[in-house]
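> Next comes the sequence, and after it the predicted model I'd like to discuss.
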Amino acid sequence: MAALARIAQFTALSVCVTALSGCSYFSWLGGSSSKTTPLPKADGAAAIAPAWTLAVGGSQASALVPMVDGGKVYAAHPDGTIVVADEKTGAQLARFSLPQGAGKLSGGVGVGGGLVIVSSQKAEVFAFDANGASKWRVRVPTESIVPAAISDGVVVVPMVDGNIVGLDAKDGSRKWVIQRQIPALTLRAGSIPVAVRGGGFIGTPTGRLLAFDLATGAVGWEATVANPKGASELERLIDIAGRPSIDAQRACASAYQGRVACFDLQRGTPIWSRDIGSLTGTLLDDKYVYVVDDKGSAYALDRSTGGTIWKQDVLAGRIATGVALAGENLVVIDNEGNVHSLNKATGRIVARSLGTTKISGGMAQGASFGYALTGSGQLVAFGAR
């Protein structure tokens, strides 16, 4: 099966250890494919060197995604350590940890409204201020493996059972729950919620994009990014992973083995869609929608029509584990630890480093840098060269 061959490039089947009954997940942490080909030439490309690094914790594969807010980078390590760094210099501004006995972190970092939010493998959500002072700690029904979103006094926490809980930012009390069912088989790479202007947006393992009211949890619209195809459960995997892209007019998302699509922000009506599947989600600027597909090609698409502006076979069959916009470039990290920097306007590879920076949890983007937590426990900033 084509789907099985692609999944085997980067996944290992693991049994879900939460309170769910009979569910399985694919972890998209993984090795390289034996079918990868030599990387495309990057004539005249510079070598990429980290702008700065900061030690967060010990060596451990981690799906925890950093967060940028207010000129600061927030990163967490599975051992429970949280650091706050200056976005430009990497200078450590704060370092704190979960309370003793709280267990390991599984979801983080969410930042907003003066709060730093992380989730543990014991299905607890913790809120701190930027200096590490504890604000509250609450238990949720099941574990969360993605960062929370915070806006308008609400903390949005997606859980591995498919449900989404809204917590009061003041004390962690539960305000609402959106109940959703998930397929028996799904990628262990959940969609990261976005909360803005009173609304929340999140993708689902069933290939849908939801828009909901932050105050009440009422679903305003539900749009189809992709429908499952094929006879087997593997072939029918269409999880929406990564973070949806939002601007004033549109919401865009991508589904694995499916499509990338943009919808009207207010009504959820389709604007356009393309048959491009992706694990790392979409990125949006004032000109284009950027996506790296599950076959290793990067695209810049017209925001209004979805037409291809450029396509670059940047990974040559490797899997993207992190993407970010950094200045004038699109930075892509693959599962072999290669870092590629592409010019946003042309797709030309302008810089590259080989096999130095393996990450598992994705990247965060700031004004000039893309940020990732490496398998060696380092928070790394990649600049636009």
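Yep, that arrived. Residues are numbered from 1 along each chain as shown.
> Looks like residue 98 contacts residue 116 (just checking).
No. Between residue 98 and residue 116 there is no contact, the gap being 11.6 Å when judged by C-beta atoms under 8 Å. To be clear about C-beta, it is placed using only N, CA and C from the backbone, and glycine gets the same treatment.
> Comparing those two, which residue is more hemmed in?
residue 116 (29 against 22; other C-beta atoms under 10 Å).
> give me every residue that touches the closest residue to residue 255 other than its chain neighbours.
Nearest non-adjacent residue to residue 255, counting by C-beta to C-beta, 6 or more residues apart in numbering: residue 226, 3.8 Å away. Counting by C-beta atoms under 8 Å, 6 or more residues apart in numbering, residue 226 touches 207, 238, 255, 257, 258, 259, 261, 277.
> ok, now how distant is the residue with the shortest distance to the centre of the chain from residue 210?
Among the residues of the chain, the one closest to the centroid is residue 242, at 3.4 Å (C-alpha atoms, centre = their mean). Per C-beta to C-beta, to the nearest Å, residue 242 is found 15 Å from residue 210.
> Kindly report the same for residue 59.
Distance from residue 59 to residue 210, by C-beta to C-beta: 37 Å.
> Compare neighbour counts for the two and give me the winner.
Each of residue 59 and residue 210 has its neighbours counted (other C-beta under 10 Å); residue 210 has more, 23 against 10.
> is that one in a bridge, and if so with what?
Bridge pairing for residue 210 (DSSP bridges) gives the partners residue 202, residue 222.
> per-residue pLDDT, it?
pLDDT for residue 210: 96.
> Please enumerate the helices of the stretch 1-150 of the chain.
2-8 (DSSP state H, counting those that start in this stretch).
> Poorly predicted segments of it, please.
1-35 (pLDDT under 70).
> mind redoing it with 50?
Within the stretch 1-150 of the chain, the ranges that satisfy pLDDT under 50 run 1-34.
> mind listing the strands for it?
Secondary structure of the stretch 1-150 of the chain (DSSP state E, counting those that start in this stretch): strands located at 12-15, 24-27, 46-47, 50-55, 67-69, 72-76, 81-86, 92-97, 105-112, 115-120, 124-128, 134-139, 149-151.
> want to throw those strands into TSV with distance to residue 193?
Output for the strands of the stretch 1-150 of the chain, formatted as TSV (distance: least, C-beta to C-beta, whole Å):
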stretch	distance to residue 193
strand 12-15	24
strand 24-27	19
strand 46-47	36
strand 50-55	26
strand 67-69	12
strand 72-76	16
strand 81-86	20
strand 92-97	24
strand 105-112	9
strand 115-120	11
strand 124-128	13
strand 134-139	17
strand 149-151	4
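> So for residue 230, which of those strands sits nearest?
Residue 230 lies closest to strand 24-27 among the strands of the stretch 1-150 of the chain, at 15.3 Å (C-beta to C-beta).
> can you pull the buried residues of stretch 100-115?
102, 105, 106, 107, 108, 109, 110, 111, 112, 113, 115 (16 or more other C-beta atoms under 10 Å).
> end to end, how far does that stretch reach?
Stretch 100-115 has an end-to-end distance of 20 Å (criterion: C-alpha to C-alpha, to the nearest Å).
> cool, stretch 359-366 as well?
This stretch, stretch 359-366, spans 18 Å end to end (C-alpha to C-alpha).
> now stretch 82-92
Using C-alpha to C-alpha, the two ends of stretch 82-92 sit 11 Å apart.
> Mind listing residues that contact that stretch?
Against stretch 82-92 from outside (C-beta under 8 Å, 6+ apart): 51-54, 56, 68, 71-76, 93-97, 108-109, 116, 118, 128, 130, 132, 366-369, 379, 381.
> Give me the buried subset of the residues you listed.
51-52, 54, 56, 68, 72-76, 94, 96-97, 108-109, 116, 118, 128, 130, 366, 368-369, 379, 381.
> Can you check the pLDDT for residue 166?
98.
> Surely it touches residue 177?
Yes. Counting by C-beta under 8 Å, residue 166 touches residue 177, with 7.4 Å between them.
> which of these two has more neighbours?
Set residue 166 next to residue 177 and count neighbours by other C-beta under 10 Å: residue 166 wins out with 24 against 15.
> Does the more buried one belong to a helix, a strand or coil?
Three-state assignment for residue 166 (DSSP: H, G, I helix; E, B strand; the rest coil): strand.
> That one bridge partners, please.
Bridge pairing for residue 166 - DSSP bridges - gives residue 156, residue 176.
> List the residues that contact it.
154, 155, 156, 157, 174, 175, 176, 177, 178, 214, 217.
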